[in-house]
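Enquirer: Here is a sequence with its predicted model. Questions after.
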Amino acid sequence: MKKLALFFVCILTLISCSSINDSKPNIIIILADDAGYSDFGFMGSDEIKTPNLDQLALDGVTFNNAYVSASVCSPSRAGLLTGMYQQRFGHECNLDSDVNNSFDPNQITIAEALKTEGYTTGLIGKWHLGDKTQNHPLKNGFDYFWGFISGARNYFYDPDEVNRNSIRNVVENYSQTNFEGYLTDVLGEKAISFIDKNNQSNNPFFLFLSFNAPHTPMQAKEEVLEKFKNNPRQVYASMMWSMDEAIGHVIDALKENNQYDNTIIYFLSDNGAAMSNNASPFPYKGWKGNQFEGGIKTPMIMTWKNKIKSNTQFDGFTSALDIFKTSLEVSNVNDDLMANADGKNIMNYLNDNIIQNENLFWRKDKMATVRSGNYKLIRLNDTSTVLYNIENNYFEDLDLKLKEPSVHDSLFKLLLDWEDRLIDPNWIENKDWNIVTEMIYEDLMANKDIRAVSPKDLN
């Protein structure tokens, strides 16, 4: 069904124009992995240094109320690449490397949609959407892939760890390969090679630069560790520095190829701070794996020279799901390929800073959440709920469900109505994860400090 839809759209595109419009923007999505909300210079951190991302923020807009669609890696990516609430096609839980579960290949990805408008598409880095043949990046819209299929791997190449059947291996397209040096650096270099190669073409390009930094394992280069030897989060700060440095090199390559002004760049993290890597959710409560603000809010930047006002802040609700529709509409992709999208076109609101009221939703296992206006309702199991006014109480420690029952009931109904659109999860996470997650939710709802939970429980 997906292939048929893409085929007809391609035919219509060929009929409507004889050549690809070279004014179409290049599009780059840069994704960090498990980064803390405020662990960036442009988000106010003095401890974690990110000078290149700080400059990128100055060149564009920083979103102050940006959210991802899931609090863990794989479903967040499924939502990002399809522009849909991933629960609608059963991708509700994280992938377990020991379980044969994966992304629904019938869903249209941003890469597939952009290819109908002549884009050359590339994925550099982490995939984490399944290891079946039909789930491979090259089967889901990408022309080129250099990276790894799994959710994590070592940052240094070790031939003793190579396993021909391991999804942690680095591959180029379908072939296993290796690398020298530090993986974050190499991902940046591969992104630059992709940009350089496509600069020789008349076609626009789409690049998904999917870093695994600063996800565990915690590994950094010795010279960078020395730079941050007095930092209380030495390894984490070093990993963030290397990622920022790689991003800076990519931006330099765009400028050297005279492509920066015609490139949309998005930067965000896939979910909130992980306890296992020493990331910080400050100033919020919650972590990776739960739907308090610290688990689902993301630092987000968007730049597009001469199209987006520089050095601006946007306070309206923004979702990672919006990237799909924004990118497709500015590239004149056929509307039929956006019919199922849940996100909006951010460009309709940015420059005039128009705040659109909308509802945002989350669900994973027994936990579900709705954000509507200033209010947010979190549900654990079928009965236990908390209600917060995020505008007045961003730390989420004042439960208002007894004081404002009508608001509570209204949001609860919104959540139920949204869930009626969903299907059952295609798989569930392992029992141990669910037990730990439920315990964390209960403690967070009761305003208990959960930092005593062992980080290994959240890997």
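Expert: Yep, that arrived.
Enquirer: so what's the residue nearest in space to the middle of the chain up against?
Expert: By Cα atoms, centre = their mean, the chain has its centre lying nearest to residue 270, at 3.3 Å. Residue 270 makes contact with 31-34, 68, 73, 76-77, 80, 298, according to Cβ atoms under 8 Å, 6 or more residues apart in numbering. Heads up, the C-betas are built off the backbone N, CA and C, glycines and all.
Enquirer: Distance-wise, check it relative to residue 114.
Expert: Per Cβ to Cβ, to the nearest Å, residue 270 is found 20 Å from residue 114.
Enquirer: got it, and residue 192?
Expert: 20 Å.
Enquirer: Same question for residue 190.
Expert: Distance from residue 190 to residue 114, by Cβ to Cβ: 20 Å.
Enquirer: A helix includes residue 272, no?
Expert: No. Using DSSP: H, G, I helix; E, B strand; the rest coil, the secondary structure at residue 272 is coil, not a helix.
Enquirer: Would you confirm that it contacts residue 291?
Expert: No. The pair residue 272 / residue 291 is not scored as a contact, 9.4 Å apart, by Cβ atoms under 8 Å.
Enquirer: What ranges in the stretch 151-300 of the chain fall below the confidence cut-off?
Expert: Scanning the stretch 151-300 of the chain for pLDDT under 70 picks out the ranges 164-165.
Enquirer: Now do the strands in it.
Expert: Counting by DSSP state E, counting those that start in this stretch, one finds strands in the stretch 151-300 of the chain at the ranges 170-172, 175-176, 205-210, 263-269, 300-303.
Enquirer: Turn these into JSON lines, columns for distance to residue 120 and mean neighbour count.
Expert: Shown next, in JSON lines, are the strands of the stretch 151-300 of the chain (distance: least, Cβ to Cβ, whole Å; neighbours: other Cβ atoms under 10 Å):
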{"stretch": "strand 170-172", "distance to residue 120": "16", "mean neighbour count": "16"}
{"stretch": "strand 175-176", "distance to residue 120": "20", "mean neighbour count": "10"}
{"stretch": "strand 205-210", "distance to residue 120": "5", "mean neighbour count": "26"}
{"stretch": "strand 263-269", "distance to residue 120": "13", "mean neighbour count": "24"}
{"stretch": "strand 300-303", "distance to residue 120": "21", "mean neighbour count": "24"}
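Enquirer: nearest to residue 378, of those?
Expert: Comparing the strands of the stretch 151-300 of the chain by their distance to residue 378 (Cβ to Cβ), the top pick is strand 263-269, with 20.8 Å.
Enquirer: List the contacts of the closest one.
Expert: Against strand 263-269 from outside (Cβ under 8 Å, 6+ apart): 25-35, 37, 53, 56, 60, 66, 68, 247, 251, 254, 298-305, 307, 320, 323, 327, 330.
Enquirer: Could you rerun that using 6 Å?
Expert: Strand 263-269 is contacted by residues 25-30, 32, 35, 254, 298, 300-304, 323 when judged by Cβ atoms under 6 Å, 6 or more residues apart in numbering.
Enquirer: got the angle between that strand and strand 205-210?
Expert: Strand 263-269 runs at 20 degrees relative to strand 205-210, counting by axes from the mean of the first three to the mean of the last three Cα atoms, to 10 degrees.
Enquirer: what distance separates strand 263-269 from the centre of its chain?
Expert: Centroid displacement of strand 263-269 relative to its chain, using Cα atoms, centre = their mean, to the nearest Å, is 10 Å.
Enquirer: Parallel or antiparallel, list what pairs with that strand.
Expert: The strands beside strand 263-269 in its sheet (DSSP bridges) come out as strand 26-32 (parallel), strand 300-303 (antiparallel).
Enquirer: Going by secondary structure, residue 35 is in what exactly?
Expert: For residue 35, there is no host helix or strand (DSSP states H and E).
Enquirer: burial of it, as a residue count?
Expert: Per other Cβ atoms under 10 Å, the neighbour tally for residue 35 reads 33.
Enquirer: next one: residue 353
Expert: 13.
Enquirer: Enumerate the beta-bridge partners assigned to the residue nearest to it when sequence neighbours are not counted.
Expert: Nearest non-adjacent residue to residue 353, counting by Cβ to Cβ, 6 or more residues apart in numbering: residue 314, 6.3 Å away. When assigned by DSSP bridges, residue 314 has beta-bridge partners residue 63.
Enquirer: these two touch, right, residue 314 and residue 66?
Expert: No. Taking contacts as Cβ atoms under 6 Å, residue 314 lies outside contact range of residue 66: 8.5 Å.
Enquirer: leaving aside the residues next to it on the chain, what's closest to residue 311?
Expert: residue 58 (5.0 Å).
Enquirer: separation between that neighbour and residue 35?
Expert: Distance from residue 58 to residue 35, by Cβ to Cβ: 19 Å.
Enquirer: What's the per-residue pLDDT of the residue of the chain positioned farthest from its centre here?
Expert: Here the centre of the chain is the reference, and by Cα atoms, centre = their mean the most remote residue is residue 403, at 35.5 Å. Note on residue 403: pLDDT of 98.
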